[in-house]
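Colleague: next input, structure requested:
(chains A, B and C)
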Amino acid sequence: MKLSWFRGLGIALLAVVAFAMIACGGDNDAPGSAGDDFTDDPTPIQGLATVSEFPVEIPRSDGKTLTVEEPPTAIVSLSPAATEIIFALGAESSLIAVDNQADFPDAAKDVAKKVDAYEPNIEAIAGLDPDLVIVANNSSGIVEKLDQLDIPVFYQDIDQDIQSVTDVFGQITLLGKVTGRGAQAETLLNGLGDRLKVIEDGVQDADASTGPRIYHELDSTFFTVSDDTFIGDLYRILRVRNIAGSGGGSAYPQMTQEAIIAANPSIIILADEEFGVTVDSVKARPGWSVIEAVQTDQIFGIDPDVISRPGPRIIDALEQLAKLIYPERFQ
Amino acid sequence: MQLAPTRPSPIAAAPDRAPLVLTWRGLLPAYALAALLTCLVAVIAIGWGTVRISPATTLAILLDHLPFISTGEHARTYDAIVWQVRAPRVVLAGMVGATLAFSGAAYQGVFRNPLAEPYLLGVAAGASVGATIIIVSPLFVTAGLLSPVPPAAFAGALIAVGLAYTLARTGPVVPATSLILAGVAVSSVGTSVVTYLMLEYNTRTLAILNWILGGFNTASWTDVGIALPYMLLAAVVILPYARILNVMQLDEDQARQLGVDTERVKIVLLGVASLATAAAVAVSGLIGFVGLVVPHAVRMVYGPDYRRVLPLSAFFGASFLILADLIARTIEPGREVPIGVITALVGAPFFLFLLRRQQRYGGARP
Amino acid sequence: MTLSIRGLGAGYPARPVLEDVDLDVAGGELVALLGPNGCGKTTLLRAITGVLPVRRGTLTLDGHDLAGLKPGQVARRVATVAQSAALPQRFTAFECVLMGRTPHLGLFQSESSRDVAVVRAAMERTGCWDLRDRLADELSGGERQRVAIARALAQEPDLLLLDEPTSHLDLQHQVETFRLVLDLCRRQDLAALAVVHDVTLASAFADRIALMAGGRIVAAGLPQQVLREDLLRRVYGVAVRILAHPVTGRPIAAPETVQLAAPDLAWLERVAGPDAALSDSSGREPPVEESPGRPADVARPPFEESPGRPAVGADTGGPRR
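Modeller: This next block holds a predicted model:
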């Protein structure tokens, strides 16, 4: 009996982790209280142009400051998104280990050392003798352990500090700074910014109040994204209404089925095709036949790794969504 | 509501009158009342949700789906919400609640232990292993009837109970204590396997957790149809044993000396109760608290006779879970709250209230 | 109405407790089963009720083979009163006695007015009708035992088995319980077999006494035939003085000292051998007459001769009827 109580408690705790995990899809990043107003802190998101000047000081999500004296040459990345950014910056030669979820670009899979991002093994990491460890989720307390060993930690919490496309760009700037590749970061951001501008211009005249209503499905029990996430930000940029809205304070809320039906979304985006959800299975759901998106066949799948990692590919995701939602505007 | 027949007090009783004897027929009004209450709760729950639909419209839609009754045209969205979403959800929650409470009562009776619950012999752990194996395998499909998850959970639950039973068996008899220990052991192994699979296949961790947490957000008439036969079977088989379960409350030796084939009763009741619980878990995941608390609460209020405890546990278990699910889906507009949180949050204080009340009045019945 | 046990062997898979037990209990008769702890008394009762399977020999009640019956059928003929009848919590005394009707009811049946009448008669006879609305867990030890006996009677049995029915009761309730049982035997032609530890109590109430040791019945007969100093010393390994009750003349066992001597195993082996069965169901012949030779000397207790030291239990007196 007692046992099952503990189990219940454990399940409840794990559930909290789960909510957060949805954010990152394949990422193994877990919780943290989303919605903290980190935007008060100007450093990480301002100034796209940065000059590589060492030593650099980077504020961390836990309020401490990371000081890097010279460009690191032995980086362990526990964040697939950060790994993607580092590759995009051309700094991959300084990577000595990545987490076991890192699969983009293909070369990331070839990094010889893998670290379990879900339960990072402090000994394994310390044994690699890194001069920088990148952490996007501190649910396991890895940051404090690395601090004790005097290993520099680049800690930007994926839930706490990355809630918009601007925040994603800020991450690129920070990683450029810390790896001594500020110029490359600027170039990358200019390219991404141009593509973002094209989309923004393309939807400039769209009226969000009469435009499409979107339901973004994370899994088959109707977990979705709220406006206050970097995924929700994509829909804001595209001027479509997310039926989850602010999510009642939860970044990744679970909707009731009737609320979805009543909201009558005109487009359904499935980020859960890897869990066996298909366009046909959505259409076959009891009661869903009355939904506009079902009647007009506006149900589309999207690669969850592309859309759920706060890296350079977020603009790929934006372009994909733009084509799905406004096929007449974007070819 | 007074379901317990008023019992003449020892002082007031005429010296010659025999106390009332419970008969099925005599209890019928009490059952009918409890059933009526459950139906009322169900209808209220169907009429209530994130989307406001007037009681009249709700009732009209429900009646429209009964044979031979037409109440005219309704908004298609409302019809979908009431009939395709809410009604199966409420009915399934009621069925699962009834099954868990009823099975819990049977388990408690067989083990003569008020802390027994339907997950005691490994149903929960077994079902989790079954479901998890499917979720991490390439077979994983979540779509309705085609999904292999419920059958796998069902099979896992039965394998776990069978394993516990086999482990506990010594010759022709299965001592209750060994059975409980074997159940605990099997559960631990199952939990370890699930934890391992969760970590090993961490892209599917969310799907596994979601299944384990349980709930009725995806309930459909199909789920109702899948689970109903097992639940009816349990009711039909276990209910006649109510009087025998009373006798089992003496110790096992005394029960046997009164002609009760205790080994057979154990196999039949635990087997059928586990079967129904496995079906419930397969369609709704693991929902705690109901199977433990509801029969216990019923016993505290209506006395220990299983002819009352079994049926009333089913009805009140149904009402309890319907209400818990109603809270889970309405307390945050448009959002779900895990139902396990609600059952514990609502159930625990209520249970403590009953416990304190019982202590205050000593062992006496109300 | 006679229970007849012939050559019975029974026990647990790893340990055959009973070997070659012969015993008869007739209707209207109370037989006390005496013997040291672990000698198989309770096992014998469990074998009779069918809880333990019979391995050898026969068990018949009025010619019907008990071992071949289903539990429900046995329960209609044989009822048991346990040591401290654990009654379930929160059931009333009436409901507990009503459970005695279980073997007469089908799975779907509820108790009829006839069942209630039987229960009422049983409760009135055992003097617990007034307790009917009390909760079982609120009853005193003596009241509980009366309820347990009433429940056994509600089974309408031919044979009543009692397993140390008075071991938790005070003197008054011990006497009352045995009076009640004896009265029931006589009036309802019940055969009763009671496991008793108190030798003097057994002597006072039992029609006959069967003495068990090592899984066999080593002596059976009238109290004065079985309760003999040499026999008790051999079986229990303790020196006992047998006195005669001043009124009834029945034996009273008074231990002479607390010093123990080991049971005479060699003697037990010889008398309990297959060709040395001492139990005589008729009980007319004093079985110890057959006792071979003198056993090895038992150490004489050092205080034996001290006159100022009254034997323990001597002043409790025999229960009067």
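Colleague: what pLDDT does the closest residue to residue C:13 other than its chain neighbours get?
Modeller: Once flanking residues are discounted, residue C:13 sits nearest to residue B:171: 5.9 Å by Cβ to Cβ, 6 or more residues apart in numbering or on different chains. Every residue, glycine included, has its C-beta placed from N, CA and C. Per-residue confidence (pLDDT) for residue B:171: 74.
Colleague: and residue B:171, how many neighbours?
Modeller: Look at residue B:171: counted by other Cβ atoms under 10 Å in any protein chain shown, it has 7 neighbours.
Colleague: same check, this time on the one 3 residues further on
Modeller: As a burial measure, the neighbour count of residue B:174 was computed by other Cβ under 10 Å and equals 20.
Colleague: separation between it and chain C?
Modeller: Distance of residue B:174 to chain C, given as Cβ to the nearest Cβ, to the nearest Å: 15 Å.
Colleague: mind checking how far that residue is from chain A?
Modeller: From residue B:174 across to chain A, the span is 20 Å (Cβ to the nearest Cβ).
Colleague: that residue is in contact with residue B:263, isn't it?
Modeller: Yes. With contact defined as Cβ atoms under 8 Å, residue B:174 counts as touching residue B:263 (6.8 Å).
Colleague: ok, now which ones touch the closest residue to chain A within the stretch 1-150 of chain B?
Modeller: Relative to chain A, the nearest point of the stretch 1-150 of chain B is residue B:84 (2.9 Å; Cβ to the nearest Cβ). Neighbour list for residue B:84: A:286-288, B:220-221 [criterion: Cβ atoms under 8 Å, 6 or more residues apart in numbering or on different chains].
Colleague: can you rerun that using 7 Å?
Modeller: Residues counted as contacts of residue B:84 (Cβ atoms under 7 Å, 6 or more residues apart in numbering or on different chains) are A:286-287.
Colleague: how about the secondary structure of it?
Modeller: The three-state label for residue B:84, taken from DSSP: H, G, I helix; E, B strand; the rest coil, comes out as helix.
Colleague: equivalent analysis for the one 4 residues further on, please.
Modeller: Classification of residue B:88 by three-state DSSP places it in helix.
Colleague: thinking it is in contact with residue B:222, fair?
Modeller: No. Counting by Cβ atoms under 7 Å, residue B:88 stays clear of residue B:222, with 8.2 Å between them.
Colleague: so these two - more neighbours on which side?
Modeller: residue B:88 (22 against 16).
Colleague: thinking again about what came up before, who touches both of residue B:88 and residue B:222?
Modeller: Here residue B:88 and residue B:222 have no joint contacts, going by Cβ under 7 Å, 6+ apart.
Colleague: where are the low-confidence patches of the stretch 1-150 of chain A?
Modeller: The stretch 1-150 of chain A contains residues with pLDDT under 70 at A:1-52, A:112, A:117-118.
Colleague: residues contacting residue 119?
Modeller: Looking at chain A here, since you left the chain open. By Cβ under 7 Å, 6+ apart, the neighbours of residue A:119 are A:140, B:199.
Colleague: chain C was what I was after
Modeller: Here residue C:119 is in contact with C:94, C:97-98, C:101, C:154 (Cβ under 7 Å, 6+ apart).
Colleague: convert stretch A:313-331 to CSV, retaining C-alpha atoms only.
Modeller: Extracted C-alpha coordinates of stretch A:313-331, given in CSV (Å, rounded to 0.1, in the frame of the first residue of the first chain):
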residue,chain,number,x,y,z
ARG,A,313,16.5,25.1,-37.9
ILE,A,314,13.8,27.0,-36.2
ILE,A,315,13.6,29.2,-39.3
ASP,A,316,13.3,26.0,-41.4
ALA,A,317,10.3,25.1,-39.3
LEU,A,318,8.9,28.6,-39.7
GLU,A,319,9.2,28.3,-43.5
GLN,A,320,7.6,24.9,-43.5
LEU,A,321,4.7,26.1,-41.5
ALA,A,322,4.3,29.2,-43.7
LYS,A,323,4.0,27.0,-46.8
LEU,A,324,1.5,24.7,-45.0
ILE,A,325,-0.7,27.6,-43.7
TYR,A,326,-0.4,30.0,-46.6
PRO,A,327,0.2,27.9,-49.6
GLU,A,328,-0.9,30.8,-51.9
ARG,A,329,1.6,33.2,-50.4
PHE,A,330,4.7,31.0,-50.1
GLN,A,331,5.7,28.7,-52.9
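Colleague: and the average pLDDT for that stretch is what?
Modeller: 91.
Colleague: residues in contact with that stretch?
Modeller: A:84, A:165, A:168, A:192, A:195-196, A:199, A:202-203, A:212, A:230, A:234, A:237-238, A:240, A:267, A:300, A:302, A:306-307.
Colleague: so what's the gap between that stretch and the chain middle?
Modeller: For stretch A:313-331, the distance from its own C-alpha centre to the chain's C-alpha centre is 18 Å (Cα atoms, centre = their mean, to the nearest Å).
Colleague: so for it, what gets flagged as buried?
Modeller: For stretch A:313-331, burial by neighbour count (16 or more other Cβ atoms under 10 Å in any protein chain shown) applies to A:313-315, A:317-322, A:324-326, A:330.
Colleague: check stretch B:110-119 too.
Modeller: Result for stretch B:110-119 [16+ other Cβ under 10 Å]: buried residues B:110-112, B:116-119.
Colleague: ok, so of those residues, who is nearest residue C:235?
Modeller: Proximity of those to residue C:235 (Cβ to Cβ) peaks at residue B:112, which lies at 37.2 Å.
Colleague: you'd agree the closest one is up against residue B:249?
Modeller: Yes. Checked against Cβ under 7 Å, the pair residue B:112 and residue B:249 is within contact range at 6.0 Å.
Colleague: find the closest residue to chain C in the stretch 151-300 of chain A.
Modeller: For the stretch 151-300 of chain A, Cβ to the nearest Cβ, closest residue to chain C: residue A:286, 39.3 Å.
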